[in-house]
Structures are given as C-alpha cells and as structure tokens.
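Student: got a sequence here, can you model it:
(chains A and B)
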Protein chains: 2
Amino acid sequence: MSTTLPAPLRSFDDLSVGQEFGFGSIRMEREEILDFARRYDPQPFHLDEAAAGASIFGGLIASGLHTQAAAFGHIIRTGWVKDVSLGGTEQVVRWPAPVRPGDEIGLTARVEELIPSRSKPDRGVAKIRYIGRRVSDGTVVLDILGTHFLKR
Amino acid sequence: MSTTLPAPLRSFDDLSVGQEFGFGSIRMEREEILDFARRYDPQPFHLDEAAAGASIFGGLIASGLHTQAAAFGHIIRTGWVKDVSLGGTEQVVRWPAPVRPGDEIGLTARVEELIPSRSKPDRGVAKIRYIGRRVSDGTVVLDILGTHFLKR
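Tutor: Residues are numbered from 1 along each chain as shown, chains lettered A, B, ... in the order given. Next up is the predicted model:
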C-alpha cells in the first residue's frame, strides 16, 4: 500500500489494468456502528452488546453495509475520482470476516478491467476491486468489485 | 406483491426455491439522501442540487449505497428474518436506474437457492433476490442477490 494518497484521476485513460492504489485506513467507531445499524441494519448483533455477546459472533460487529459504505465514502473523500466519476452501476461485495468496534481497516484498489464505451466516446467502464484489511493482523474483511463509469 | 407483510420465518426450512414475498415500499426523502451522501458517498450528484442539475443525471439522485441500505433496513425492520438471521456474507447489487428524491420504491424478494450446511446442521445458506421497483412506473431501480446464513 502506498503511503501517499493517489492524485485525482484526470481521465479514464489514466488507468491501466493491474494498477494498484492505497487509500490509508478508516477506523470503525462503536458509536457510528450503532448509529448505522439503527438506521439501516437493525439486527441484534449490530445493535446490542448483550445480544451480540450471546450470538455466534460473540460480540458486537459492524453491519457489512456499513463497512462497505464507510470504505466507499473514505475513498470518495480522497478526491481520487472527483473529476471523472459518472456514477456506478454494480458492486459485488463480500464480507469474509467480521468487523468489530475500534477495528482499523486499510483500503486498497486494483484496476481489474477497462472497457471504453463504444456508443459514448466520452466515457469508459472501469472495474475496480477494493480490498479492506484489518490493520492489526491483515485479515481481509471487505472485498468489493465495483463497476464505475468514468469520463475520458 | 402481497399486501400483508410476511410472517417471521421460524427456520431456514420454512423457505422453498421460487417463493416470493412483498415488503410494501419505502420512500426516499431528500433530507435522508443528502445526509447519507454527506457521510458515505459525497459526490456532487448525490449532494448538491445545482451540481446534480448540471451532471449527466440532470438532478439530484440517491447514492446507490443508500438505496441498498434503506431497502435492507426496511426488510430487517419487518421482522421477517429476526428469529433466523445469522448474518450475510455477500451481496451482488445492481442499480439499473437512478433514484430521485420522493421516489417510492416497492420491495419484493424471491428465494433463488437454498443450501443446507454440511458441516453445521443447525443452519443453511439462502440466496435471495431483492428487487426494488419505482412504484410510479414499475422501473427496476435496485437488484440485490444476497447470501444469508439462516438458522434451522
């Protein structure tokens, strides 16, 4: 993972397949985990310390939707795609391991596929894999394959 | 779509492939669209009316992550899986059309695949497709294939 954030992309054509980028890390705070769960995923193991302790997870875990959104929000905030993003159409998201309060998650991206649009020469489709790893032990906790439209 | 919400599942074994369920609808309010975008997807077309008007979307649209989370939160809140949910491991989410402030989205689910666990006889994996349709014209705006662990 690079220690400096990537410069803002100027065009879809700045990318090449296999390129990797690092975005530093995010920390999943208990209060935000509870707040997200109350709004968008009110299941006991995301919401309630005692119920979570008695669940198969043995303690509070973040909603996977929260980890996905927090990671994406962080990457958007770095400004990496601010000049080129035309939105996304699909994400394949996997949560291979639970995320717990206080976990710090390092975020990287790898360009998997680049498809220039044939009908619209001003844009292309980029498939980018985002990986989130718990910093303390390297465990992959988030794996997103995102499909984005980017300006050329 | 059924007009009454489904009863809470008692077991993975209550489900059969091809079953369909209706969960009523959600309404995507402008203030919540803006709030979600500020936290988790701060792109101009999700955040700023003027910038969104000048974008390819011609006006403010909800973050796809927000539509995904709002739909999921609503379904969780119906209590359908409250007695059986052991969490999820994967979602394949597609956003075939934009969602705008005030849009009402009807939510349905269809059981696609059921895989009893061989190593853990107390649970099974259910693959369920959730579809969100704009009520005003039936356009599909959300398509999630979710993979869930459910108690037996």
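Student: pLDDT weak spots in chain A?
Tutor: Counting by pLDDT under 70, chain A shows low-confidence ranges at A:1-3.
Student: chain B contacts on that one?
Tutor: Applying CB under 8 Å from any CB of the partner chain, one finds that chain A approaches chain B through A:36, A:39-43, A:45, A:55-57, A:61, A:64-65, A:68-70, A:72-73, A:76-77, A:82, A:85-96, A:98. All C-beta atoms are positioned from the backbone trio N, CA, C, and that covers glycine.
Student: please name the nearest non-neighbouring residue to A:Gly87.
Tutor: Leaving aside its sequence neighbours, A:Gly87 sits nearest to A:Phe149 (CB to CB, 6 or more residues apart in numbering or on different chains; 5.8 Å).
Student: which residues sit against the longest helix seen in chain A?
Tutor: Counting residues, the longest helix found in chain A (DSSP state H) is helix A:64-77. Contacting residues not belonging to helix A:64-77 are listed as A:23-24, A:26, A:28, A:32-33, A:36-37, A:40-41, A:46, A:81-82, A:85, A:91, A:93, A:95, A:99, A:105, A:107, A:109, A:130, A:132, A:141-142, A:144, B:36, B:39-43, B:65, B:68-69, B:72, B:87-88, B:91 [CB atoms under 8 Å, 6 or more residues apart in numbering or on different chains].
Student: out of those, which sit inside strands?
Tutor: Counting by DSSP state E, the members of the contacts of helix A:64-77 that fall within strands are A:23-24, A:26, A:85, A:91, A:93, A:105, A:107, A:109, A:130, A:132, A:141-142, A:144, B:87-88, B:91.
Student: from these, list just the buried residues.
Tutor: Buried positions within the ones in strands among the contacts of helix A:64-77, assessed by neighbour count (16 or more other CB atoms under 10 Å in any protein chain shown), are A:23-24, A:26, A:85, A:91, A:93, A:105, A:107, A:109, A:130, A:132, A:141-142, A:144, B:87-88, B:91.
Student: residues in contact with stretch A:20-33?
Tutor: Counting by CB under 8 Å, 6+ apart, stretch A:20-33 makes contact with A:1-3, A:5-6, A:46, A:60, A:62-63, A:66-67, A:70-71, A:74-75, A:78, A:80, A:99-111, A:135, all of which sit outside it.
Student: return the set of buried residues in that stretch.
Tutor: Going by neighbour count (16+ other CB under 10 Å), the buried part of stretch A:20-33 is A:21, A:23-26, A:28, A:33.
Student: and stretch A:6-20, by the same measure?
Tutor: Neighbour-count burial for stretch A:6-20, with 16+ other CB under 10 Å as criterion, is recorded at A:6, A:9, A:12, A:15.
Student: what would these look like in JSON lines with secondary structure?
Tutor: Listed next are these as JSON lines, based on DSSP: H, G, I helix; E, B strand; the rest coil:
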{"residue": "A:Pro6", "secondary structure": "coil"}
{"residue": "A:Leu9", "secondary structure": "coil"}
{"residue": "A:Phe12", "secondary structure": "helix"}
{"residue": "A:Leu15", "secondary structure": "coil"}
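Student: let's have the residues you listed in TSV, adding distance to A:Lys120.
Tutor: Rendered in TSV, the data for these read as follows (distance: CB to CB, whole Å):
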residue	distance to A:Lys120
A:Pro6	25
A:Leu9	18
A:Phe12	11
A:Leu15	17
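Student: return the member of those nearest to A:Arg118.
Tutor: For A:Arg118, the closest of those turns out to be A:Phe12, at 13.6 Å, with distances computed as CB to CB.
Student: and that closest one, how far from chain B?
Tutor: The spacing between A:Phe12 and chain B, counted by CB to the nearest CB, to the nearest Å, is 14 Å.
Student: is it true that that residue touches A:Ile115?
Tutor: No - taking CB atoms under 8 Å as the contact criterion, A:Phe12 and A:Ile115 are not neighbours in contact, 9.6 Å apart.
Student: shared neighbours, those two?
Tutor: Residues within reach of A:Phe12 and of A:Ile115 at once, by CB under 8 Å, 6+ apart, are A:124, A:126.
Student: sorry, back to before: which one of the buried residues of stretch A:6-20 sits closest to B:Ala126?
Tutor: Comparing the buried residues of stretch A:6-20 against B:Ala126 with CB to CB picks out A:Leu15 as the nearest, at 37.1 Å.
Student: if I pick the closest one, what's in contact with it?
Tutor: Going by CB under 8 Å, 6+ apart, A:Leu15 touches A:9, A:111, A:114, A:126, A:150.
Student: mind checking the SS state of the last one?
Tutor: Put simply, A:Leu150 is strand when judged by three-state DSSP.
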